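Here's a sequence, model it:
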Amino acid sequence: MELEKAVELFLKFKERELSPRTIKEYASDLNLFIKTVGNKPVESVKTADVMLFRSLMNCSPSLINRRISALNSFFNFLVDMEVIEKNPVKPSLRIRKVKQRVPEALTREEVERVLEVAKERGERDYLMVKTILYCGLRISELLSLTPSNIASHRGRFVLRVVGKGNKERFIPLNSSLARELLSYAEKFKPDERLFPLSYQGAKYVFNRIKERSGVNLHPHKLRHTFATFLVEKGVDIRVIQAFLGHASPNTSARYAKVRDEVMFKVVDEVFE
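Residues are numbered from 1 along each chain as shown. Next up, the predicted model:
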């Protein structure tokens, strides 16, 4: 089996468990590998081919690691399918200890300006910004929301969010955002997306808000701002992890367990 055909099978197999954006990244990384080493039979790919690919990458350490990770997942898939006997990707090919730059958070004044400009652009753009800011969502999570994701729990409204690895979490809504989302959602059918944009479309919206507000803005910066506000209020790290859908540092791939009452109290106090 040649690489192009194997990549096609791999992406087809993964498309049900991964987001469209991740599938797109996999396709880009794997096709770049094929362009580098040629569309050879998968059985003939050696560690030397992967080393060549890595040596020719002129990009950031994090992107190099992402591409090596994509190759690793691809060849592990082929091993599982018994197409090849062993994975040619070696752990030593990754760049260790990539220094992560911590994104800056917006100030309260910048938040007000961004929300003001977003509101001027219309209800959709305003709620895109506010929902990330008040719920700490990833952009992929925001764009997948439908009216059915707004649920009632113990007399309060929450967002049911499906994050990385199809892990589900419930995020309490503060009263003002709940009212605004419910009113907005009335315009859509239960299974229609509330924000029917592609990732590039959403990026365009945030860039326009950035230009008009004069605030350096992108979706992840809003998510980081949400977390920063919680930290400033002294919110326990386990609660923050529950909101963001991060894995607990004390357990592998499990979310910290936090009582509903604590999370409801947080949204009431931090986002009045």
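
wait, what's in contact with residue 14?
For residue 14, the contacting residues are 23, 26, 77, taking C-beta atoms under 8 Å, 6 or more residues apart in numbering as the criterion. C-beta here means a position set from N, CA and C on the backbone, and glycine is covered the same way.

Wait, a strand at the last one?
So the one you mean is residue 77. No - residue state for residue 77 (DSSP: H, G, I helix; E, B strand; the rest coil) corresponds to helix; a strand is not indicated.

Please name the nearest non-neighbouring residue to it.
Distances taken as C-beta to C-beta, 6 or more residues apart in numbering put residue 10 closest to residue 77, at 5.2 Å, once the chain neighbours are dropped.

looking at this, the one you found is in a strand?
No - going by three-state DSSP, the assignment for residue 10 is helix, not a strand.

pLDDT at it, what is it?
What the model reports as pLDDT for residue 10 is 94.

how much space between it and residue 43?
Relative to residue 43, residue 10 is positioned 15 Å away (criterion: C-beta to C-beta, to the nearest Å).

Then residue 104?
Using C-beta to C-beta, one obtains 48 Å as the distance from residue 104 to residue 43.

just for the protein, where's the confidence low?
Applying pLDDT under 70 to the chain picks out residues 97-103, 246-272.

Now with 50, please.
For the chain, the stretches with pLDDT under 50 are 248-259.

domain assignment for it?
Listed by automatic domain parsing, the domain ranges of the chain are 3-93, 108-270.

CA atoms only for stretch 170-189, dumped as PDB, please.
Extracted C-alpha coordinates of stretch 170-189, given in PDB (Å, rounded to 0.1, in the frame of the first residue of the first chain):
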ATOM      1  CA  PHE A 170     -21.400  21.300  31.900                       C
ATOM      2  CA  ILE A 171     -20.600  25.100  32.300                       C
ATOM      3  CA  PRO A 172     -23.000  27.200  34.400                       C
ATOM      4  CA  LEU A 173     -24.300  30.300  32.700                       C
ATOM      5  CA  ASN A 174     -24.600  33.600  34.600                       C
ATOM      6  CA  SER A 175     -28.100  35.000  34.400                       C
ATOM      7  CA  SER A 176     -27.500  37.700  31.800                       C
ATOM      8  CA  LEU A 177     -25.700  35.400  29.400                       C
ATOM      9  CA  ALA A 178     -28.400  32.700  29.900                       C
ATOM     10  CA  ARG A 179     -31.100  35.200  28.900                       C
ATOM     11  CA  GLU A 180     -29.200  36.400  25.900                       C
ATOM     12  CA  LEU A 181     -28.400  33.000  24.600                       C
ATOM     13  CA  LEU A 182     -31.900  31.700  25.100                       C
ATOM     14  CA  SER A 183     -33.400  34.600  23.200                       C
ATOM     15  CA  TYR A 184     -30.800  34.200  20.400                       C
ATOM     16  CA  ALA A 185     -31.300  30.400  20.200                       C
ATOM     17  CA  GLU A 186     -35.100  30.900  19.500                       C
ATOM     18  CA  LYS A 187     -34.100  31.800  15.900                       C
ATOM     19  CA  PHE A 188     -32.600  28.300  15.300                       C
ATOM     20  CA  LYS A 189     -33.800  24.700  15.100                       C
END
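
Tell me the buried residues in it?
Along stretch 170-189, the positions that meet the burial threshold by neighbour count (16 or more other C-beta atoms under 10 Å) are 171-174, 177-178, 180-181, 184-185, 188.

which residues touch residue 171?
Here residue 171 is in contact with 135-137, 158-159, 161, 243, 263 (C-beta under 8 Å, 6+ apart).

Could you check how far the residue sitting furthest away from the middle of the chain is from residue 38?
Most distant residue from the mean C-alpha position of the chain: residue 44, 34.9 Å away (C-alpha atoms, centre = their mean). Here the distance between residue 44 and residue 38 works out to 10 Å (C-beta to C-beta).

repeat for residue 167
When C-beta to C-beta is applied, the distance between residue 167 and residue 38 equals 38 Å.

and if you look at residue 89?
From residue 89 across to residue 38, the span is 17 Å (C-beta to C-beta).

Which one's more surrounded, those two?
Regarding residue 89 and residue 38, a neighbour count based on other C-beta atoms under 10 Å identifies residue 89 as having more, with 24 against 12.

Is that one within a helix or a strand, and which one?
No secondary structure element spans residue 89, as it lies outside all helices and strands (assigned by DSSP states H and E).
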